[in-house]
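Participant: coords below, sequence missing:
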């Protein structure tokens, strides 16, 4: 692969962005919109070759407050508007939080740790999700939240970058040089762990199911003391089922136990999921710092955006803006 940096000297700063996941593409588009000449290098053969491919795409700043710091919510409040302005297909129908009857106390606990929700009963749940009628007695509805299909969103960001004059090169070896650019913005996630002693990997697991017999209009979080999960609707009755983060650096395939627990939780949501097709399983390691807060770090003309943990879609717009402020002398 020949290195190409033939930008016009009269244009803005030339920036190499390493990584075409959510943080890399968000940074690339943000930089290009401000006038930078952006070239993205991706180690894989497509956008989202790393952890971003397995994301849920939930834009849920208020729900995240249940287990995240106040800063995560405060800094991510504008993320829905950012995604809405940059990619098609953002759905703003809110988030529904439920629990099986035996774990209904978890709903109250979740509410004590969060805000900007309404407590609803059986009638309210039925109004929001008719297919869940008579299945749950109480829930929390976070009306101000939304979601997006991550894979479609990444493709849309890549197209936006090209429209802005940027470029993406795939199958670039991780050892490829980064010379010839004014700035390098590294968004390679867990692959950059050798440069960040305080980074750890946190395991995420997901299933894709197709179930024509169930229609959901918004993400549903099913609470359980040990393995809370979320179910996110996508097009054509496809649902992404994900587990909350697991403190493990095992990047291997999903275990039978994990799959059984996730499928059991989905079945508890609605028995029709018992006939669902399993389209895909996936696991990945999310890069995380000790405080689980994504960060921008600078060393000279080299910037790292990393440690996205479970907040990639929520916080990548604000971290991209932080990096762009540095490049353009405002940070």
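Facilitator: Cool, got the structure. Just so we're clear, the structure is a prediction, and the values are computed from it rather than from any experiment. Numbers count the residues shown, from 1 in each chain.
Participant: Where does the prediction get shaky in the stretch 151-300 of the chain?
Facilitator: Along the stretch 151-300 of the chain, the model assigns pLDDT under 70 to residues 244-245.
Participant: let's go with 80 and repeat that
Facilitator: For the stretch 151-300 of the chain, residues meeting the criterion pLDDT under 80 lie at 225-227, 244-250.
Participant: hey, where'd the strands end up in it?
Facilitator: Counting by DSSP state E, counting those that start in this stretch, the stretch 151-300 of the chain has strands at residues 167-169, 183-186, 200-210, 220-222, 229-233, 238-243, 277-288, 295-299.
Participant: What pairs with the last one, parallel or antiparallel?
Facilitator: For strand 295-299, sheet partners with direction are given as strand 302-306 (antiparallel), following DSSP bridges.
Participant: buried sites along stretch 279-298?
Facilitator: Of all the residues in stretch 279-298, those buried under the rule 16 or more other CB atoms under 10 Å are 281-289, 292-296. Using the backbone N, CA and C atoms, a C-beta is placed for each residue, glycine as well.
Participant: Stretch 222-236 now?
Facilitator: For stretch 222-236, burial by neighbour count (16+ other CB under 10 Å) applies to 222-224, 227-234.
Participant: if we can go back for a sec, out of the strands of the stretch 151-300 of the chain, nearest to residue 148?
Facilitator: Nearest to residue 148 among these is strand 229-233 (9.5 Å), distances taken as CB to CB.
Participant: what angle sits between that closest one and strand 238-243?
Facilitator: Here the directions of strand 229-233 and strand 238-243 differ by 160 degrees (axes from the mean of the first three to the mean of the last three CA atoms, to 10 degrees).
Participant: Walk me through which strands strand 229-233 pairs with, and which way each runs.
Facilitator: Within its sheet, and counting by DSSP bridges, strand 229-233 is paired with strand 220-222 (antiparallel), strand 238-243 (antiparallel).
Participant: Out of these, which gets nearest to residue 167?
Facilitator: Distances from residue 167 to each of those were compared using CB to CB; the shortest belongs to strand 238-243, at 30.2 Å.
Participant: and that closest one, how far out from the chain's middle?
Facilitator: 13 Å (CA atoms, centre = their mean, to the nearest Å).
Participant: low pLDDT regions in the stretch 1-150 of the chain?
Facilitator: The model of the stretch 1-150 of the chain has pLDDT under 80 over residues 1-11.
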